[in-house]
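Participant: pasted the sequence and its predicted model underneath.
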Amino acid sequence: MATFIHTPAPTDAERLADAQATAMQRLNQNYEAAAGPLIRDYPESERLSWGTQQAEATAYRTWQSAGEQGDAPATPALAAILAGRNGNAGTETLEQLVAAVIARAEAFIAWQTFTGTRQRGEWAIQAATTPDAALAVTWERLTAG
């Protein structure tokens, strides 16, 4: 004889929580996919140094803009990157590397609009009072014209 196990239907609160979790997972996956073109060729360990690179490049650019008065700011991370990029025979200058770092940083900063969009979606998902409302919060709807 078979054993009957009664599994109660999920409560409204459980259904809402499941829908919110699903919607958040989907939102975060779409956010990461949107970031793909910007970060696709950079390993995570390199991306972790972007703040340091930007700070050094900005300090160097500020020093240049001020007429190179006094000693140049320390740029140990950029110097190490430049040494690796140039190897024994490279010709890239610190100024060229600074320009490249600043251009990448500016592109990433401009992209941060999408970070705000993702956060807006998170708030909408958290505020949803029904599973359908939570699942209606999609990356496509948040970024539509």
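Facilitator: Now that the structure is in, tell me what you want to look at.

Participant: list the buried ones in the helix or strand where Ala34 lies?
Facilitator: Here Ala34, judged by DSSP states H and E, is contained in helix 12-39. Going by neighbour count (16 or more other C-beta atoms under 10 Å), the buried part of helix 12-39 is Leu16, Ala19, Gln20, Ala23, Met24, Arg26, Leu27, Asn30, Tyr31, Ile39. Any C-beta I mention is one placed from the backbone N, CA and C, and that applies to glycine too.

Participant: by pLDDT, give me the weakest of those.
Facilitator: Scanning the buried residues of helix 12-39 for pLDDT, the low point is Ile39. It has 79.

Participant: I'd like to know how many residues surround the closest residue to it other than its chain neighbours.
Facilitator: The shortest distance from Ile39 to any residue other than its chain neighbours is 6.1 Å, reached at Arg47 (C-beta to C-beta, 6 or more residues apart in numbering). Residues near Arg47, counting by other C-beta atoms under 10 Å, number 11.

Participant: now Gly90
Facilitator: 11.

Participant: so what's it scoring on pLDDT?
Facilitator: So Gly90 comes in at 88 (pLDDT).

Participant: for it, give me phi and psi.
Facilitator: Gly90 has phi and psi values of phi -70, psi 160 when expressed as degrees, to the nearest 10.

Participant: need the contact list for the residue nearest the centre of the chain.
Facilitator: Closest to where the C-alpha atoms of the chain average out (C-alpha atoms, centre = their mean) is Ala35, at 6.4 Å. Applying C-beta atoms under 8 Å, 6 or more residues apart in numbering to Ala35 gives the contacts Trp111, Phe114.

Participant: likewise for Ile81?
Facilitator: Ile81 neighbours (C-beta under 8 Å, 6+ apart): Gln53, Leu97.

Participant: what helix or strand does it sit in?
Facilitator: Here Ile81 is assigned to helix 76-86, by DSSP H and E.

Participant: export the helix or strand following that helix as PDB, just CAs?
Facilitator: Going down the chain from helix 76-86, the next helix or strand is helix 94-111, by DSSP H and E. Output of helix 94-111 as PDB, limited to C-alpha atoms (Å, rounded to 0.1, in the frame of the first residue of the first chain):
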ATOM      1  CA  LEU A  94      52.900  56.500 -19.300                       C
ATOM      2  CA  GLU A  95      50.900  59.300 -21.000                       C
ATOM      3  CA  GLN A  96      49.400  56.900 -23.500                       C
ATOM      4  CA  LEU A  97      48.500  54.400 -20.700                       C
ATOM      5  CA  VAL A  98      46.900  57.200 -18.600                       C
ATOM      6  CA  ALA A  99      44.800  58.200 -21.600                       C
ATOM      7  CA  ALA A 100      43.700  54.600 -22.200                       C
ATOM      8  CA  VAL A 101      42.800  54.100 -18.500                       C
ATOM      9  CA  ILE A 102      40.800  57.300 -18.300                       C
ATOM     10  CA  ALA A 103      38.900  56.400 -21.500                       C
ATOM     11  CA  ARG A 104      38.000  53.000 -20.100                       C
ATOM     12  CA  ALA A 105      37.000  54.600 -16.800                       C
ATOM     13  CA  GLU A 106      34.800  57.200 -18.500                       C
ATOM     14  CA  ALA A 107      33.100  54.500 -20.500                       C
ATOM     15  CA  PHE A 108      32.500  52.400 -17.300                       C
ATOM     16  CA  ILE A 109      31.200  55.500 -15.400                       C
ATOM     17  CA  ALA A 110      28.800  56.300 -18.300                       C
ATOM     18  CA  TRP A 111      27.600  52.700 -18.100                       C
END
